[in-house]
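> I'll drop the sequence and a predicted model, then ask my questions.
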There are 2 protein chains.
Amino acid sequence: MRENLTQTIEDYLKTIYQFTLEHQRATTNQIAESLGVTPASVTGMLKKLAATEPPLVEYKKHYGVLLTPAGEKIALEIVRHHRLLEMFLVQMLGYEWDEVHSEADRLEHHISEAFEERIAEALGDPQRDPHGNPIPTRELAIQKLNDIPLRSLQPGQKGVVQRVRETDPELLRRVAELGLVPGAHFEVLEYSPLDENLLLAIAGQPVSVVLGKGITNQIFVKAI
Amino acid sequence: MRENLTQTIEDYLKTIYQFTLEHQRATTNQIAESLGVTPASVTGMLKKLAATEPPLVEYKKHYGVLLTPAGEKIALEIVRHHRLLEMFLVQMLGYEWDEVHSEADRLEHHISEAFEERIAEALGDPQRDPHGNPIPTRELAIQKLNDIPLRSLQPGQKGVVQRVRETDPELLRRVAELGLVPGAHFEVLEYSPLDENLLLAIAGQPVSVVLGKGITNQIFVKAI
DNA sequence: AATCGAATTTAGTGTAGCCTAATTAAGAAA
DNA sequence: TTTCTTAATTAGGCTACACTAAATTCGATT
């Protein structure tokens, strides 16, 4: 199995991994939406992934899929590739944090183990990628996070940004301009449920953040 | 055409480019051999490449193919990617010159223009790759070479290694051990046609070079 | 000019992964 | 329980790119 994996299969496994992290399972429609294919195509692929030796997913009709250990291993390898690449692009090639996602998304399927090792070493085995997401170790262990969405904080609470789960370059640039990068300290000043507007103090400066499409739902923080 | 190019098509064009450089054309069997597919498959693909708009190759049945300007442009982009990547792997990630070929062969199809530009800049727009092959410029101009195979030199002649056209890691390592890397000065001492054995002086030291599988046909030099 | 072998092309298939359209199953609401 | 909506699956097809086996063409040699 470790050989002849197509990019397609790797993409399915990665997607399933991401959804199961948040929702305990991945559904056909979610996967289809995320990969830009039709649900019918997903059903076909899930059957195939469940029929390999060893099986890569556990598939229950009309319910959804989980990764098997074999499937999770592959997903974590891809996630490690992706996040190491993002770090590499920023630190060694001078990319901005909003430019790395699409590049890493293509390259993650094509770098060798040797390449992975060399950039990990050159970067000093980083624990997090530029967006604050944890990078699985060489042994594919990944740290569990207990951060919470920024939106869930109440006025008066203070916190530190942990990670930004967002891939859209436009939005990432706006977030960076506000200074809401991993490590940034802030305090929630006000929240108006009507227009979903949030007023924060970031590094002492009051800043108004608009929750367009739930941006602040994608910013994970730790309350302090 | 510039979009939706498959890796397969890029590989065909690159292969055709290499053969036409040396033999003024590429034949079906050469391409098949080089890509590891059957001649029948090549015929099918050549027809397709000749039928695109604009056509990528000029195809004459039972004769062979040439690249059109459009096809050559794509081939040169891939060659530029490949050679820049090789240089990048050696200079920035510490690869040995025998390790870079296969890695670059995969990555060349998947890096963006932005990636290309950044490594070119980081490397200071190199003219040659680690094996001495010329790197097409940003505008895809490539320098013409007038170097000659080492084998063609007569005893008594002196020369400088220009490039090593070989991809096999085993052989590359042996060549490097002998010191026959680009820039190396040498003198031909003896040649025995019987066992195809060549005796050289490299940096003053006499070295015996065996022409197994024509290694010295792959080493290109300039006589001085 | 006829012949022969190697190179090439044609014809017919197979597999991966996608699609649309039609059907079925699940779960919420009546 | 029955009904309705939405999610998911099945059935049938399409395209890209490979393959094998059979037929053809070229060009060299008689």
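Okay, I see it.
> name the element A:Glu177 belongs to?
Per DSSP states H and E: A:Glu177 is located in helix A:169-178.
> avg pLDDT for that helix?
Average pLDDT, helix A:169-178: 91.
> Poorly predicted segments of chain A, please.
In the predicted model, chain A carries pLDDT under 70 at residues A:1-3, A:211-213.
> what's the domain layout of it?
Following automatic domain parsing, chain A resolves into domains at A:7-67, A:148-223.
> out of those domains, which comes closest to A:His101?
Evaluated with CB to CB, the domains of chain A place domain A:148-223 nearest to A:His101, the distance being 4.6 Å. (C-beta placed from N, C-alpha, C; glycine too.)
> The domains of chain A into CSV, with extra columns for mean neighbour count?
Shown next, in CSV, are these (neighbours: other CB atoms under 10 Å in any protein chain shown):
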stretch, mean neighbour count
domain A:7-67, 17
domain A:148-223, 16
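> follow-up on the earlier one: contacts for the helix holding A:Glu177?
Helix A:169-178 is contacted from outside by A:96-99, A:101, A:131, A:164, A:166, A:181, A:202, A:207, A:209, A:215, A:218-219, using CB atoms under 8 Å, 6 or more residues apart in numbering or on different chains.
> list the contacts for the most centrally placed residue in chain A?
Closest residue to the average C-alpha location of chain A: A:Arg165 at 5.5 Å, with CA atoms, centre = their mean. By CB under 8 Å, 6+ apart, A:Arg165 lies in contact with A:131, A:133, A:218-220.
> ok, now with 6 Å
A:Gln218 (CB atoms under 6 Å, 6 or more residues apart in numbering or on different chains).
> gap between it and A:Trp97?
13 Å (CB to CB, to the nearest Å).
> same question, A:Glu10
Noted for A:Glu10: a distance of 24 Å to A:Trp97, by CB to CB.
> which element follows the helix holding A:Glu177 toward the C-terminus?
Where DSSP H and E defines the elements, the next helix or strand beyond helix A:169-178 is strand A:185-192.
> Tell me which strands that following strand pairs with, and in which orientation.
Partners of strand A:185-192 in the sheet, by DSSP bridges, are strand A:158-164 (antiparallel), strand A:197-202 (antiparallel).
> can you tell which of these is closest to B:His82?
When the strands paired with strand A:185-192 are compared (using CB to CB), the closest one is strand A:158-164, at 34.9 Å.
> where exactly do the strands run in chain A?
A:57-60, A:64-67, A:148-149, A:158-164, A:185-192, A:197-202, A:205-210, A:219-223 (DSSP state E).
> Give me the residues contacting the first one.
Pointing back at strand A:57-60 there. Residues contacting strand A:57-60 (CB under 6 Å, 6+ apart): A:46, A:49-50, A:65-68, A:71.
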